[in-house]
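>>> Everything below, folded, please.
(one chain, ligands or ions: 3)
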Amino acid sequence: MKAVVYKGPFQVAVEEVSDPRIEHPNDVIVRITSTAICGSDLHMYEGRTAAQPGIVFGHENLGIIEEVGPAVTSLRKGDRVVMPFNVACGFCINCQRGYTGFCLTVNPEPGFAGGAYGYVAMGPYTGGQAEYLRVPYADFNCLKLPEGTELEDDFILLADIFPTGYHGAELADVRPGESVAVFGAGPVGLMAAYSCLLRGASKVFVVDRVKERLDKAREIGCIPVNFDEVKPVEFIKEQSPGDRLATGSVPNKAFAGVDKGIDAVGYQAHVRGAAREDPAIVLNTLIEVVRPTGAIGVPGLYVPADPGAPDEEAKQGRLRLAVGRLFEKGIRLGTGQCNVKRYNQYLRDLIIAGRAKPSFVVSHRHRLEEAPLAYEKFDKRVEGYVKVVLKPQMAA
Ligand SMILES: NC(=O)c1ccc[n+]([C@@H]2O[C@H](COP(=O)([O-])OP(=O)(O)OC[C@H]3O[C@@H](n4cnc5c(N)ncnc54)[C@H](O)[C@@H]3O)[C@@H](O)[C@H]2O)c1
Ligand SMILES: [Zn+2]
Ligand SMILES: [Zn+2]
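Ligands and ions are numbered 1, 2, ... in the order given. Presented below is the predicted three-dimensional model:
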């Protein structure tokens with residue numbers, strides 16, 4: 001079959017690889033109809049992880065079941081399914097408690113909890129940017145979708161970014177009426193902002209520098225903040241006068257800021273007005289902009305090894321964080337891979353009910369063969385490339 005193979009920094013190729021086959025009685029083979037490119041793939045694509053050439057990328061996968069293993073009980077050939085990016089067993093203590101992003105049995109790397117398709121250090125699971133995908137523990141990992149081809153651009157986002165954005169809001173414990181600052185208007189940031197609105201937030205700021213992405217934030221009812229044009233901390237504080245933290249009836253300007261914050265950027269964070277990166281800048285900015293006793297959700301990715309980091313400490317994933325301010329303000333912080341299975345069936349039902357339409361982020365659909373071009377444009381964040389879905393079955 002054809003698949004997207006990582007060849008080295010800034011290089012992928014569509015190559016012939018061996019077809020997946022049933023390796024365990026609870027496996028299924030899925031014929032992929034939609035597979036999305038993720039900002040997480042870009043960290044590998046840019047050579048900013050320990051990923052070695054040869055990996056087949058693709059952890060956001062949807063398709064039709066082609067073949068079922070003899071022990072599969074809940075799925076049939078022909079079922080339309082979307083898989084969480086996490087590979088999880090369903091029986092370890094973390095899976096049982098809903099922490100499927102930290103499954104204890106699927107990753108052979110010692111001490112590493114959690115597995116994923118087509119991702120460095122996440123186990124031996126071949127990615128789905130390909131014609132076919134093997135899904136282990138299929139009864140646990142497949143989410144059934146309505147028959148047909150409807151809402152495909154919405155359902156594909158259930159594999160990762162819709163649940164991941166929602167997870168950001170959950171980690172920050174966003175509640176009705178609250179104000180939130182979301183950093184990053186990439187697919188994850190936009191889904192986090194959208195999820196805050198679904199949860200009833202009254203005011204959502206979205207910070208980025210890419211115009212088309214900020215436009216999407218405005219379209220859904222958020223306040224776009226271009227960090228090259230304004231200083232985010234000052235701008236957000238000015239617009240969040242701290243009235244809920246008033247002393248008497250007087251808004252207390254000293255406590256201006258938002259109730260909650262979400263980091264949907266991660267370690268490859270840019271510095272305003274410069275081409276330079278500072279891996280701690282978003283976290284430190286959030287610590288400033290969130291009110292005392294608020295919370296910060298961090299779905300943005302941080303890695304323990306970054307070969308392209310700006311300094312020696314950051315190369316080992318050690319960042320300069322304003323921990324003193326964090327403590328002083330009593331801000332809680334939650335982070336980690338999203339446990340997709342915890343949310344995906346509920347978010348699917350919101351889509352089916354017509355109460356969520358996450359596909360507003362999907363900007364481009366490409367054939368599998370066009371993956372090198374799609375990676376290049378998405379990586380440069382040009383021409384309105386916000387979220388790309390590859391369609392292995394699409395005719396030329
Ligand atoms: N926790 C999880 O399970 C999970 C799942 C998927 C993705 N992720 C991670 O989430 C992050 C975002 O993913 P994405 O697909 O949206 O990626 P993306 O790279 O498309 O988006 C990141 C955005 O951040 C913006 N940005 C850069 N520096 C900034 C700064 N200082 N302030 C504000 N914005 C800034 C960029 O312009 C870009 O639009 C990535 O780190 C990705 O690896 C985590
Ligand atoms: Zn992803
Ligand atoms: Zn498990």
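>>> So which bits of the helix or strand bottoming out on mean pLDDT in the chain are buried?
The weakest-scoring helix or strand in the chain, judged by mean pLDDT, DSSP states H and E, is helix 312-315 (a mean of 91). By neighbour count with 16 or more other C-beta atoms under 10 Å, helix 312-315 contains the buried residues residue 314. The way it works is simple: take the backbone N, C-alpha and C, and place the C-beta from them, glycine included.
>>> Check which helices and strands it is in contact with.
Taking 3 or more C-beta pairs under 8 Å, 6 or more residues apart in numbering; DSSP states H and E as the contact definition, helix 312-315 has no neighbouring helices or strands.
>>> what sits up against it?
267, 279, 305-307, 309, 319-320 (C-beta atoms under 8 Å, 6 or more residues apart in numbering).
>>> how far away is the residue of the stretch 101-250 of the chain at minimum distance from ligand 2 from residue 94?
For the stretch 101-250 of the chain, the residue closest to ligand 2 is residue 160, as judged by C-beta to the ion, at 3.6 Å. Residue 160 is 19 Å from residue 94, where distance means C-beta to C-beta, to the nearest Å.
>>> who has more neighbours, these two?
residue 160 (29 against 18; other C-beta atoms under 10 Å).
>>> what residues does the stretch 151-300 of the chain put near ligand 2?
residue 160 (C-beta under 5 Å from the ion).
>>> residue in the stretch 151-300 of the chain nearest to ligand 3?
residue 163 (17.2 Å).
>>> With residue 192 as the reference, measure out to that residue.
From residue 163 to residue 192 the distance is 11 Å (C-beta to C-beta).
>>> would you list every one of the helices in the stretch 101-250 of the chain?
Listed in chain order, the helices of the stretch 101-250 of the chain (DSSP state H, counting those that start in this stretch) span 138-141, 152-155, 161-171, 187-198, 211-219, 232-238.
>>> any chance of these in TSV, plus mean pLDDT and mean neighbour count?
Formatted as TSV, the helices of the stretch 101-250 of the chain follow (pLDDT from 0 to 100; neighbours: other C-beta atoms under 10 Å):
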stretch	mean pLDDT	mean neighbour count
helix 138-141	98	21
helix 152-155	98	22
helix 161-171	98	29
helix 187-198	98	28
helix 211-219	97	18
helix 232-238	95	18
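>>> Nearest to residue 104, out of these?
Closest approach to residue 104 among the helices of the stretch 101-250 of the chain (C-beta to C-beta): helix 138-141, 14.0 Å.
>>> The closest one near ligand 3 at all?
No. Using C-beta under 5 Å from the ion, helix 138-141 stays clear of ligand 3, with a minimum separation of 8.5 Å.
>>> Now do that helix: distance to the chain's middle.
21 Å (C-alpha atoms, centre = their mean, to the nearest Å).
>>> List the contacts of that helix.
Outside helix 138-141, the residues that reach it (C-beta under 8 Å, 6+ apart) are 26-28, 68-69, 72-75, 83-84, 86-90, 95, 135, 341.
>>> ok so, going back, from residue 287, how far out is the residue of the stretch 101-250 of the chain closest to ligand 2?
Distance from residue 160 to residue 287, by C-beta to C-beta: 27 Å.
>>> what do you get for residue 352?
With C-beta to C-beta as the criterion, residue 352 and residue 287 are 39 Å apart.
>>> And these two? Which one has more around it.
residue 287 (23 against 15).
>>> which non-adjacent residue is nearest whichever residue of the stretch 151-300 of the chain sits closest to ligand 1?
Ligand 1 sits closest to residue 186 of the stretch 151-300 of the chain, with a gap of 2.1 Å, by C-beta to the nearest ligand atom. Nearest residue to residue 186 in three dimensions, chain neighbours excluded: residue 39, at 5.1 Å (C-beta to C-beta, 6 or more residues apart in numbering).
>>> show me what contacts that neighbour?
186-188, 266, 301.
>>> just the residues you listed now: which is nearest residue 391?
Taking these together and measuring to residue 391 by C-beta to C-beta, the closest member is residue 187, at 17.2 Å.
>>> so where's the stretch 251-396 of the chain uncertain?
The stretch 251-396 of the chain contains residues with pLDDT under 70 at 251.
>>> From residue 167, how far off is the closest residue to ligand 2 within it?
Distances between the stretch 251-396 of the chain and ligand 2 by C-beta to the ion are smallest at residue 338, namely 9.1 Å. In this view, residue 338 and residue 167 are 4 Å apart by C-beta to C-beta.
>>> Give the residues shared as contacts by these two.
residue 299.
>>> Would you mind listing what in the stretch 151-300 of the chain touches ligand 1?
160, 164, 183-189, 207-210, 213, 227, 264-266, 269-270, 281-282, 299-300 (C-beta under 6 Å from any ligand atom).
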